[in-house]
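# Whatever this is, show me its structure:
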Amino acid sequence: MDLSTIVLLLLAAVVSGAINAVAGGGTFIVFGTLSLLGVPPVMANATSSIAQLPGYITSTLAYWSDIRRLWRHALLLVVASALGGLLGALILLALNNAAFRALVPWLLLAATALFAAGPWLVRWINAGDRRMPEPLVAAVQLVASIYGGFFGAGMGVIMLATLGLAGDSDYHRINAVKNLLSIVIAIIAIAVFISGGIVSWPHALVMIPGVAFGGYGGVWVARRVPQPVLRAVVIAIGVVLAVYYFVA
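This next block holds a predicted model:
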């Protein structure tokens, strides 16, 4: 691995960790970078999951004051996330690279569309007092976690929309829980990927410190940048990458 590749991976990792901490969707960056470097799609996805974990941890620590107030309400979601992450990772192991590659742009489009509709969904829920009960939110989170274990790119995007179904309109509370659940899904999926031998460790080890740094710094950015700007950035990234994978 030459110096230019290392620098590219580190830059992608820092940006990815920051975007994941801010709104989710940063995995698009790492997955895309690994693909451009010639890493096979299934391995790129598994390696991205390894690299993203430190960023989830540091961004959760940056939200620690929120997590301490919310953790009791998140227990059912944690269980759903663990189960979903396991199922999704096992599904990925069952696919070959060609089959997974064909699904990638559609997965990116679906994640981006759901994230774009997130604010509208929350307003619709609150306007009609349509807040979902906790067991139903957990069931939706189970489905989101299956996606997260299967394809990490866009996991945070989907969970922000999913958690909004509970009727909480505070972005930072939702984001704090999203980061916590991302850790659970990632740990379970990573265990499956390691056991399946589909991780590119040289790439992962280069990116890990960059993602950790970006994850902690991203929360600082999230508290100071207007939420519409954050959403626009993530939506733009999702659309661009979906188009890239459709034409590549």
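
# Name the residues that touch the lowest-mean-pLDDT helix or strand in the chain?
Least confident helix or strand of the chain, by mean pLDDT, DSSP states H and E, is helix 64-70 with a mean of 71. Here helix 64-70 makes contact (C-beta atoms under 8 Å, 6 or more residues apart in numbering) with Thr60, His172, Arg173, Ala176, Val177, Leu180. Placement of C-beta: from N, CA and C, glycine included.

# which is the next helix or strand following it?
The helix or strand immediately downstream of helix 64-70 is helix 75-93, counting by DSSP states H and E.

# For whichever helix or strand comes after that next one, give the mean pLDDT please.
Counting by DSSP H and E, the next helix or strand C-terminal to helix 75-93 is helix 97-127. For helix 97-127, mean pLDDT is 76.

# what do you get for stretch 170-178?
On average, stretch 170-178 scores 77.

# Need the CA coordinates for it. CSV is fine.
Output in CSV follows, covering the C-alpha atoms of stretch 170-178 (Å, rounded to 0.1, in the frame of the first residue of the first chain):
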residue,chain,number,x,y,z
ASP,A,170,-35.2,16.5,19.1
TYR,A,171,-32.5,15.8,16.5
HIS,A,172,-29.7,15.4,19.0
ARG,A,173,-31.6,12.9,21.3
ILE,A,174,-32.4,10.8,18.2
ASN,A,175,-28.8,11.0,17.0
ALA,A,176,-27.5,10.0,20.4
VAL,A,177,-29.6,6.8,20.4
LYS,A,178,-28.7,6.2,16.8
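
# how about that stretch: buried residues?
For stretch 170-178, a neighbour-count test (16 or more other C-beta atoms under 10 Å) marks Tyr171, Arg173, Ile174, Asn175, Ala176, Val177, Lys178 as buried.

# Surely the last one touches Ala161?
Spelled out, that is Lys178. No - the pair Lys178 and Ala161 does not pass the contact test of C-beta atoms under 8 Å, sitting 10.0 Å apart.

# Out of the buried residues of stretch 170-178, which is nearest to Leu36?
Closest approach to Leu36 among the buried residues of stretch 170-178 (C-beta to C-beta): Lys178, at 27.2 Å.

# tell me the angle the helix or strand where that closest one lies makes with helix 75-93.
Assigned by DSSP H and E, Lys178 falls within helix 171-196. Here helix 171-196 runs at an angle of 40 degrees relative to helix 75-93 (axes from the mean of the first three to the mean of the last three C-alpha atoms, to 10 degrees).
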